[in-house]
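Participant: what follows is a predicted structure for the sequence shown.
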Amino acid sequence: MAALDFGAYVLLGIAAVLFLLLQSWLAATVVRRVVGVPTGWPQTIGVGLVMSAVMALTVQYLYRAGTGQNAGGLEVAPGVALLLLLLATGWIFALGVGALVVIEAAFPTGSVPGPQSLFFGWKARRRRGRRYAEVISIAVRHGLGSQIRGFGRGASRDR
């Protein structure tokens, strides 16, 4: 009997991972169509996890409401619970896609450095910063400081 329980948990875990991947892929596809740019998979999977967790809570609550096991809460007919579940699924997906659009607008894919470049790329960032500072100092020395964006009086006129 324990082997059956273990097998059921394994199958349930596999189904949950497949559902998460499907939901994340669908959300990423919709956001690509809406925004017009590809979204990062870590962001998409994170939003997919939140959507899956909210969906699990909603399914449990509406199942209890439809079967009369919701003591002191909502109690409806099974058909109504199913319709509410369909409506909740649409809203959860729409809100998840909206959250993914907001996250993509706030932190575009590729703008945040990865963990490897964050810890090991400091030498290259330091060299690049020195190189840019040297180029700017040469430009300022030759009277081109006002032409550099963000420096001098020429910056406010162009805007």
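Facilitator: Perfect, I can see it now.

Participant: how about the secondary structure of residue 74?
Facilitator: coil (DSSP: H, G, I helix; E, B strand; the rest coil).

Participant: tell me how many other residues crowd it.
Facilitator: 13 (other CB atoms under 10 Å). Yep, even glycine has a C-beta here, placed from its N, CA and C like the rest.

Participant: show the contacting residues for it.
Facilitator: 61, 65 (CB atoms under 8 Å, 6 or more residues apart in numbering).

Participant: how far away is it from residue 82?
Facilitator: In this view, residue 74 and residue 82 are 14 Å apart by CB to CB, to the nearest Å.

Participant: gap between the longest helix anywhere in the chain and the chain center?
Facilitator: Secondary structure of the chain per DSSP state H: the longest helix is helix 2-35. Distance, stretch centre to chain centre, for helix 2-35: 16 Å (CA atoms, centre = their mean, to the nearest Å).

Participant: ok now the helix or strand that that helix is followed by, how far from the chain's centre?
Facilitator: Note on helix 2-35: by DSSP states H and E, the next helix or strand toward the C-terminus is helix 41-67. Here helix 41-67 is found 15 Å from its chain centre; the criterion is CA atoms, centre = their mean.

Participant: whichever helix or strand comes after helix 41-67 - what's its average pLDDT?
Facilitator: Per DSSP H and E, the first helix or strand lying C-terminal to helix 41-67 is helix 78-106. What helix 78-106 shows for mean pLDDT is 90.

Participant: what is helix 78-106 packed up against?
Facilitator: helix 2-35, helix 41-67 (3 or more CB pairs under 8 Å, 6 or more residues apart in numbering; DSSP states H and E).
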